[in-house]
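A.B. asks: sequence plus the predicted model coming up.
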Amino acid sequence: MPSSSPKVVWFRNDLRVHDNPALAAACAGGGAVIALYILDDETPGVRPPGGASRWWLHHSLLGLERGLSKLSIPLVLRRGAAGPALQEVVGLSGAGGVCWNRRYDPGGIACDTAIKSSLLDAGVNAESFNGNLLTEPSRVKTGQGSPYRVFTPFWRAARHQISNDAPLPVPGGRREQWRGAAGNQALNDWRLLPGKPDWAAGLKETWVPGEAAARERLEAFLDERLRGYGAARDVPSTAGTSLLSPHLRFGEISPRSIWHAVQHCVGKDESLRPDGEKFLSELGWREFSHHLLFHFPDIGSDNHNARFDGFDWRDDDDALSQWQQGLTGYPVVDAGMRELWATGYMHNRVRMITASFLTKHLRLHWRAGEAWFWDTLVDADIASNVANWQWVAGTGADAAPYFRIFNPILQGEKFDPRGDYVRKWVPELASTPNKYVHKPWEARQIHLTLAGGDPGTAYPAPIVDHREARAAALDAFRSLKDA
């Protein structure tokens, strides 16, 4: 390839310069490199980002641009169907090669396969790499050659395939600087940030997107919260988790970088191993989710367990709206939903509680909850979001059985015993005694008895009775089993 022919690095969910195999490959020859990001909201099967993710993407692209500028690599922006957009940039720049890190969702795979074929037909070299997972989903199979459906044996097998190689450094050395034109678009013209009303104030207060922030967050977690992680991760009122999930979702940090950093810490201090192993298993669940989506591409829309196709899901827009707004009358559920709306994030334990409440207490389809999380979570990952919703709903692989119904009262009392989490996000209950903070209706009953009047609290009564809702869900499940 002549030195005047640049290479294009097509960025997607890998917005970083550290440990980026596609970027490293493009820079290896010393020729000019062009970085390209395409906001693809037109290709069939490729799911556009939700509202919270669009906010994050705007700021993450600014961070990527800063990182690339230190390497004298321009970032070119395009919006539209990926195929035509990429072909246009290749044509305008005269690029002789394109590099990218692979995607594993069905829409992304179909898009990339078609693009690679068209590039090769046009005489343009196309190379793809694994930059987003610890293992390739196609390589992790059972002894019979089939994909895993249960996490524990999957993770046992996957761990044997994780490379011990150190993460790739930021590309160094001298390279030509591309000075051509590719008709770059302006990020602000994409209008990824909310206008009026600006609902992103809580996101701004909570998060700093970008690669630099991701690496700082990892260091802080390892220094301050890895020890004790196994227990603290289940307590929503404490800063016990890594909060790396949105950075991973946008590829601002690679799972390989996290893996090796944790292994390094454990290697220096063996007492950290139990917490380190628990944390690494959470990376394993992310891998398992992508494994499932790769091998069972219909799980994005269909029940993995087809028996649930005949389940008696309810259709209740009012109940869905109350759940979305955090007005169910169950404090830990409402706290979680309000945290989500305010910050674009929800504690993992509370995600399970709120998802169980929607699919079992309200008996609404998991797809309704998955769609809401996709739009409101800053870490809305196309594989993990679907897999986790199906897991809680009982319809997925290695799922919690449908008859395992989280009791939101007991869950609140167990994981938020003093009500700190509830009081933060449900201020109507700020003065409620600990005894009643997860069942405020009992305090109301006492007040009515003593005072003989309406307590006038603004917090709503439960929209369903726990025992009745649980019994109805179990009846629906028994009907499915008997059908």
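C.D. replies: On my side now, so go ahead. Numbering: from 1, shown residues only.

A.B. asks: quick one: the spatially closest residue to E428 that is not a sequence neighbour from P408, how far?
C.D. replies: For E428, ignoring the flanking residues on the chain, the nearest one in space by CB to CB, 6 or more residues apart in numbering is Y459 at 4.0 Å. Any C-beta I mention is one placed from the backbone N, CA and C, and that applies to glycine too. Look at Y459 and P408: by CB to CB, to the nearest Å, they are 14 Å apart.

A.B. asks: higher neighbour count, the two?
C.D. replies: Set Y459 next to P408 and count neighbours by other CB atoms under 10 Å: P408 wins out with 26 against 17.

A.B. asks: got a list of what that one touches?
C.D. replies: For P408, the contacting residues are 330-333, 353, 357, 361, 438, 466, by CB atoms under 8 Å, 6 or more residues apart in numbering.

A.B. asks: tell me where this protein has strands.
C.D. replies: Using DSSP state E, the strands found in the chain span residues 7-11, 33-39, 75-79, 97-101, 125-129.

A.B. asks: centre of the chain to stretch 256-264, how far?
C.D. replies: Remark: stretch 256-264 is offset 20 Å from the chain centroid, using CA atoms, centre = their mean, to the nearest Å.

A.B. asks: now stretch 79-91
C.D. replies: Put simply, stretch 79-91 sits 27 Å off its chain's centre (CA atoms, centre = their mean).

A.B. asks: next: stretch 295-311.
C.D. replies: On CA atoms, centre = their mean, the centre of stretch 295-311 falls 20 Å from that of its chain.

A.B. asks: buried ones in it?
C.D. replies: Within stretch 295-311, the residues scored as buried using 16 or more other CB atoms under 10 Å are 295-297, 299-300, 303-305, 308, 311.

A.B. asks: would you point out the helix or strand in this structure whose mean pLDDT is lowest?
C.D. replies: Least confident helix or strand of the chain, by mean pLDDT, DSSP states H and E, is helix 440-451 with a mean of 67.

A.B. asks: hang on, isn't C27 packed against V33?
C.D. replies: Yes - look at C27 against V33 with CB atoms under 8 Å: they come within range, at 5.7 Å.

A.B. asks: sorry, back to before: and the contacts of P408, which are buried?
C.D. replies: For the contacts of P408, a burial check counting by 16+ other CB under 10 Å picks out 330-333, 353, 357, 361, 438, 466.

A.B. asks: list the contacts of the residue lying closest to A231 once chain neighbours are set aside.
C.D. replies: In space, and not counting its chain neighbours, A231 is closest to G240: 7.7 Å by CB to CB, 6+ apart. Contact analysis of G240 by CB under 8 Å, 6+ apart lists 225, 228-229, 231-234.

A.B. asks: alpha carbons only: can I get the lengthiest helix in the chain in PDB?
C.D. replies: Using DSSP state H, we find that the single longest helix of the chain is helix 273-295. C-alpha atoms of helix 273-295 as PDB (Å, rounded to 0.1, in the frame of the first residue of the first chain):
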ATOM      1  CA  ARG A 273      -8.800 -12.900  46.000                       C
ATOM      2  CA  PRO A 274     -12.400 -13.600  47.100                       C
ATOM      3  CA  ASP A 275     -13.500 -10.100  46.300                       C
ATOM      4  CA  GLY A 276     -11.500 -10.000  43.100                       C
ATOM      5  CA  GLU A 277     -13.000 -13.300  41.900                       C
ATOM      6  CA  LYS A 278     -16.500 -12.000  42.700                       C
ATOM      7  CA  PHE A 279     -15.800  -8.900  40.700                       C
ATOM      8  CA  LEU A 280     -14.300 -10.800  37.800                       C
ATOM      9  CA  SER A 281     -17.400 -13.000  37.700                       C
ATOM     10  CA  GLU A 282     -19.500  -9.900  37.000                       C
ATOM     11  CA  LEU A 283     -17.300  -9.400  33.900                       C
ATOM     12  CA  GLY A 284     -18.100 -13.000  33.200                       C
ATOM     13  CA  TRP A 285     -21.900 -12.300  33.200                       C
ATOM     14  CA  ARG A 286     -21.200  -9.600  30.600                       C
ATOM     15  CA  GLU A 287     -19.400 -12.200  28.500                       C
ATOM     16  CA  PHE A 288     -22.200 -14.700  29.000                       C
ATOM     17  CA  SER A 289     -24.800 -12.100  27.900                       C
ATOM     18  CA  HIS A 290     -22.900 -11.500  24.600                       C
ATOM     19  CA  HIS A 291     -22.400 -15.300  24.200                       C
ATOM     20  CA  LEU A 292     -26.200 -15.800  24.400                       C
ATOM     21  CA  LEU A 293     -27.000 -12.900  22.000                       C
ATOM     22  CA  PHE A 294     -24.400 -14.200  19.500                       C
ATOM     23  CA  HIS A 295     -25.700 -17.800  19.500                       C
END
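
A.B. asks: from the chain's centroid, how far away is it?
C.D. replies: 13 Å.

A.B. asks: quickly name whichever of the buried ones among the contacts of P408 is closest to P167.
C.D. replies: Nearest to P167 out of these is I353 (CB to CB; 35.4 Å).

A.B. asks: now the contacts of P408 as CSV including distance to E88 and pLDDT?
C.D. replies: CSV is the format used below for these (distance: CB to CB, whole Å; pLDDT from 0 to 100):
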residue, distance to E88, pLDDT
Y330, 52, 97
P331, 53, 97
V332, 50, 98
V333, 48, 98
I353, 47, 98
F357, 47, 98
H361, 51, 98
H438, 57, 97
H466, 57, 97
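
A.B. asks: quick check, nearest of the residues you listed to R159?
C.D. replies: Nearest to R159 among the contacts of P408, with distances taken as CB to CB, is I353, at 29.7 Å.

A.B. asks: so what's the closest one up against?
C.D. replies: 332-333, 336, 406, 408, 411-412.

A.B. asks: just those: which are in helices?
C.D. replies: Those of the contacts of I353 lying in helices (DSSP H): 332-333, 336, 408, 411-412.

A.B. asks: rewinding a little: show me which pair in the contacts of P408 is furthest apart.
C.D. replies: Greatest spacing in those, by CB to CB: H361 and H438 (14.8 Å).

A.B. asks: low pLDDT regions in the protein?
C.D. replies: Applying pLDDT under 70 to the chain flags residues 1-4, 445-457, 481-483.
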